[in-house]
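Novice: next come a sequence and a model predicted from it.
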Amino acid sequence: MKILSYILSTIFAIVFFMLLLIFHPIQWLGLKLFGQQKGHQKVVDVMNWFLIKSLLILGIPVRVKNEQDLPENQTLIFVANHQSTFDIPPIIWHFRKHYPKFVSKKELGKGIPSVSFNLRHGGAALIDRKDGKQALGELARFSKTINEKKWSAVIFPEGTRSRTGKPKPFAPNGLKMLLKYNPEALIVPLTINNSWKVFKYGKFPLGLFSPIKITTHPPIKASTLPFNDLIATVEETITKSIK
């Protein structure tokens, strides 16, 4: 199995990186010719569809279960556990009509074809984990922007990826800042399963044949619960579905 993994991982890495290279200039053209929402965002959506399908090289389908009737033109805050880089493309693609924007670490804003361009120009929050003042200021700016544009936010309260699938404790500060400027937002808990298995051997070779599954839970109106109860409810909802 590991020999097969080396072969398929090599093919996947080439395809994945080529997709990032191809879509980088297309993103730039979309932004310059049609603007952020009508041009750039459409390119990003399509790129992430291709990134999802590229996982089939590894025998990994992505399955998103969403039985919730999520309203459009309203700010949603998607809160999810975090297992790997491959958590992100399915959220962008499957929830694209809600314009999900990510809270990400500042380091990802440069040096990665397509990804860094999207983070810098697509409306993400780029926070410096070593600079609390910058992080809070950036989160405040981001929170006001999604409220104004009726975009949605995606936040991983664990802060870093779980490399074993076992969830880490949720930190409340990011979500608290998002709700400060979006008190009427709907919180949408997402549970991600199996994406950590892509990296179960480390960065190379990659794991094979473990479908990534994302489950959407019923949304919670943020204003209906005190914050501490809200974060506890969201954490329990997400983590009890991790397998």
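Specialist: Cool, the structure landed. Numbers count the residues shown, from 1 in each chain.

Novice: how about the most centrally placed residue in the chain, what does it touch?
Specialist: In the chain, the centroid-proximal residue (Cα atoms, centre = their mean) is I88; its distance is 3.5 Å. Applying Cβ atoms under 8 Å, 6 or more residues apart in numbering to I88 gives the contacts N48, F102, V154. C-beta: built from backbone N, CA, C; applies to glycine.

Novice: okay, and it sits in which element?
Specialist: Here I88 sits within helix 88-94, counting by DSSP states H and E.

Novice: just checking, next helix/strand downstream of that helix?
Specialist: strand 100-105.

Novice: what strands line up against that following strand, and which way round?
Specialist: The strands that strand 100-105 pairs with in its sheet are strand 125-127 (parallel), strand 152-155 (parallel) (by DSSP bridges).

Novice: in a markdown table: the ones you listed, plus mean pLDDT and distance to P25.
Specialist: Below are those laid out as a markdown table (pLDDT from 0 to 100; distance: least, Cβ to Cβ, whole Å):
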| stretch | mean pLDDT | distance to P25 |
| --- | --- | --- |
| strand 125-127 | 91 | 22 |
| strand 152-155 | 95 | 26 |
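
Novice: return the most buried member of the ones you listed.
Specialist: strand 152-155 (a mean of 25; mean count of other Cβ atoms under 10 Å).

Novice: and it, how far out from the chain's middle?
Specialist: Put simply, strand 152-155 sits 8 Å off its chain's centre (Cα atoms, centre = their mean, to the nearest Å).

Novice: could you dump it to PDB, C-alpha only?
Specialist: Output of strand 152-155 as PDB, limited to C-alpha atoms (Å, rounded to 0.1, in the frame of the first residue of the first chain):
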ATOM      1  CA  SER A 152     -19.900  34.600   5.800                       C
ATOM      2  CA  ALA A 153     -17.000  33.800   8.000                       C
ATOM      3  CA  VAL A 154     -15.200  30.500   8.600                       C
ATOM      4  CA  ILE A 155     -13.300  30.000  11.800                       C
END
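
Novice: of the strands paired with strand 100-105, which approaches T215 most closely?
Specialist: strand 152-155 (15.1 Å; Cβ to Cβ).

Novice: and the longest helix seen in the chain, how far from the chain's centre?
Specialist: Longest helix of the chain, by residue count under DSSP state H: helix 2-35. Distance of helix 2-35 from its chain centroid, counting by Cα atoms, centre = their mean, is 17 Å.
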